[in-house]
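Colleague: Curious how this folds, go ahead:
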Amino acid sequence: MERLWPRLAVPARPALAVPSHLAAPARLAAGLAGLAAAAGALAVAEGPGRSTTYAGRSAAGAALTMCAGLALIAAGLVICLGPRPRRTGDLALLAGLTWFAPVWAAWQGGPPLIPSLAMALGGFTFPLIAHLVLAYPGGRASPAPARALIAASYVEALLAAAVLALVRDPYLDPGCLANCNVNVFLVGSLPSLAHAAGIADRWFAAAAAVAFIAICAARLAAGSRPARRRLIPVAVPAIMFAAVVAARAVALQRTTVEDPFNAALFAIFAVASAAIVFLAAGLISGVVRARAERRAIARIAVNLGEAPDPGSLQSALAEALHDPELRIAYWLPGAQRYVDASGEAVPEPTAQSGGTVTRLMRSGQTIAAITHSGAASGLESHLGPAIALGLENERLQAELLAQLGELRASRARIVETADAERRRLERDLHDGAQQRLLALSYDIRLARASAEADSGTAAEMALATAMEQTGAALEELRELAHGIYPAVLAEAGLAPALATLADTAPLPVQILQADDRRYPAPVEAAAYFTVAEAVDDAARRGADHAAVTVAHEGGRLVVTVEDNGTGRDAPMIALADRVGALDGSLYLKQTGCRAEIPCASS
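Modeller: Residues are numbered from 1 along each chain as shown. So this is what the prediction gives:
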């Protein structure tokens, strides 16, 4: 479900929409018409319909009829006169009007057009109730089976009303009682067709009622807990009403005339009336809850600080709407993806079973998508300008955090690539140039031995000098390879690598603590080079001693190097970049440093 944000985007107006300045007067007029219909129905029940209608049967029947119809009309007015009139309010008004139609059909002696219209409209109560409930609370029915049931119910009710209006002569219908009146729409009397149409209409209504119950039960089962909590006050009475529709069809199959003095039929009518009253109460309670949620959301703007923590707006909205499953995803136009309030990438929000996705727009661009309970209707109408500003600010904050995360990831990739290149160079030097120099040294030794055997003093001296130079080059090459990336670090781990470093350092280095456990390769490399660069820096500052401690504390590898050199006068930028690339921290003192690197031991 995609809606547009009030005051931030202007929704397109449907071609047949009622102008906004006429909507409220039209609904008020409909409410007054409903009151007039109720009053007229009561007058008919007390007069010509006393023995032919449920309202005229007894005071209880009249009370049930009036309470049910007026409750629907009141619920429709409450919904329609709210901040944003909903289709459900219009449907409730129409259902309340058609509820009185069977009583008006009994108006003997009145203008023939009125009972004729009442006979035609009486069959639309169930389709209107089904549409109202299946479209609750957002005004649009989903999924497809619900829309199909609504369409089929309207079409069948229209066809049945048209057939009965054109071919049914009430005076020739043995089953007529309350509707045994003049039919001004009669074209030609076909009693057999009218009888078949009446039976088909009843059984179709029964089948539609069963399907309606199944769809409502599925919605309740599939919905989240907040959705069920919102739907139950409306869905349960509607299921009760649908069950009564099916029971009425079964009861009428056993009797020719719908006699209001039949105890079973009156009991069915009483249950139907009670269900309608409870349904209307559920609709009104939904409006009251929505207004309370709107006030709760309005208070969020007051409670939010100038710089709220990421995710605080989502938590506040979830609490205000009593929907713990509410999630906000922010759209980043540049990256073309959604992120959460912390800047972490999230999948594109989609409506899950029983849920809704409300997309908030500004100038035709998506700002955020809110995934929430499907029963939280009109969410965008609850969000005022203050919350709009809060969402926009949090989106900008999420975009900044996402860029920061990408920067950190980029730094980590750079360091990882550099370390991989160091390892490659170390392997190439060890397996290539070193091996060739070793082979050359061996060949020179053979040549020198041959020269000694032939007593070639000059050649022997030249070869000896070449051997010395080759040995020196080989030693320098070994030191270079070791400095690029020590093989012992990759093969044996951090502790042996630090021990080797201490043996070859330019000053005495004492390893106070370093266990033999293994850590991820980037973490081990960062710790090793922290110690190596700190020791070299200590030597440059005239230190004659350094102490190293490596400890795993609370998911972080803590590396500490202390020395007794002169005060440090320059930051260790390269080392800070290396540690920072792993989201770690480097703390420098005059004669020491401390690095904290996030890690998990392996």
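Colleague: Test my guess that residue 121 contacts residue 164.
Modeller: No - judged on Cβ atoms under 8 Å, residue 121 makes no contact with residue 164 at a distance of 11.6 Å. The way it works is simple: take the backbone N, C-alpha and C, and place the C-beta from them, glycine included.
Colleague: The two: which has the busier surroundings?
Modeller: In this view residue 121 and residue 164 are compared by other Cβ atoms under 10 Å, and residue 164 has more residues nearby, 23 against 19.
Colleague: tell me which element that one is part of?
Modeller: helix 144-167 (DSSP states H and E).
Colleague: can you list contacts of that helix?
Modeller: Identification of contacts with helix 144-167 by Cβ atoms under 8 Å, 6 or more residues apart in numbering yields 116, 119-121, 123-124, 126-127, 130-131, 134-135, 141, 183, 185-190, 193-194, 197-198, 200-201, 204-205, 208, 211-212, 215.
Colleague: now these: which count as buried?
Modeller: Buried by 16 or more other Cβ atoms under 10 Å: 116, 119-121, 123-124, 126-127, 130-131, 134-135, 141, 183, 185-186, 189-190, 194, 197-198, 201, 204-205, 208, 211-212, 215, out of the contacts of helix 144-167.
Colleague: Sitting in helices, which of the contacts of helix 144-167 do you find?
Modeller: 116, 119-121, 126-127, 130-131, 134, 193-194, 197-198, 200-201, 204-205, 208, 211-212, 215 (DSSP state H).
Colleague: hmm, back to that, could you check the angle the helix holding residue 164 makes with helix 125-134?
Modeller: Inter-element angle recorded for helix 144-167 and helix 125-134: 160 degrees (by axes from the mean of the first three to the mean of the last three Cα atoms, to 10 degrees).
Colleague: Distance from helix 144-167 to the middle of the chain?
Modeller: 36 Å (Cα atoms, centre = their mean, to the nearest Å).
Colleague: Do you know the pLDDT at residue 164?
Modeller: Residue 164 is assigned a pLDDT of 91 by the prediction.
Colleague: now swap in the one 3 residues further on and tell me
Modeller: As summarised for this prediction, residue 167 has a pLDDT of 91.
Colleague: Skip the chain neighbours and tell me the closest residue to it.
Modeller: residue 190 (4.0 Å; Cβ to Cβ, 6 or more residues apart in numbering).
Colleague: Can you tell me how far the most centrally placed residue in the chain is from residue 326?
Modeller: Compute the mean C-alpha point of the chain, and by Cα atoms, centre = their mean the closest residue is residue 371, 2.7 Å away. Between residue 371 and residue 326 the computed distance is 7 Å (Cβ to Cβ, to the nearest Å).
Colleague: so residue 582 sits right up against residue 525, yeah?
Modeller: No - contact criterion Cβ under 8 Å: residue 582 and residue 525 do not qualify, at 9.5 Å.
Colleague: contacting residues for residue 492?
Modeller: Taking Cβ under 8 Å, 6+ apart, one finds nothing in contact with residue 492.
Colleague: now do 10 Å
Modeller: Applying Cβ atoms under 10 Å, 6 or more residues apart in numbering to residue 492 gives the contacts 486, 499, 500, 516, 518.
Colleague: all helices for the stretch 401-550 of the chain, in order.
Modeller: Assigned helices in the stretch 401-550 of the chain, in chain order: 434-453, 457-484, 487-492, 494-504, 521-540 (criterion: DSSP state H, counting those that start in this stretch).
Colleague: Rounded mean pLDDT for the shortest one, please.
Modeller: Along helix 487-492, the predicted local confidence has a mean pLDDT of 81.
Colleague: just the first one next, same as before
Modeller: For helix 434-453, mean pLDDT is 66.
Colleague: Could you list the low-confidence segments of the stretch 251-400 of the chain?
Modeller: 296-309, 334-335, 351-355, 363, 374-390 (pLDDT under 70).
Colleague: ranges for the strands of it?
Modeller: For the stretch 251-400 of the chain, strands defined by DSSP state E, counting those that start in this stretch occupy the ranges 327-332, 337-339, 345-346, 355-362, 365-373.
Colleague: want to throw those strands into JSON lines with distance to residue 157?
Modeller: Converted to JSON lines, those look like this (distance: least, Cβ to Cβ, whole Å):
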{"stretch": "strand 327-332", "distance to residue 157": "41"}
{"stretch": "strand 337-339", "distance to residue 157": "44"}
{"stretch": "strand 345-346", "distance to residue 157": "45"}
{"stretch": "strand 355-362", "distance to residue 157": "29"}
{"stretch": "strand 365-373", "distance to residue 157": "32"}
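Colleague: Sounds good, over and out.
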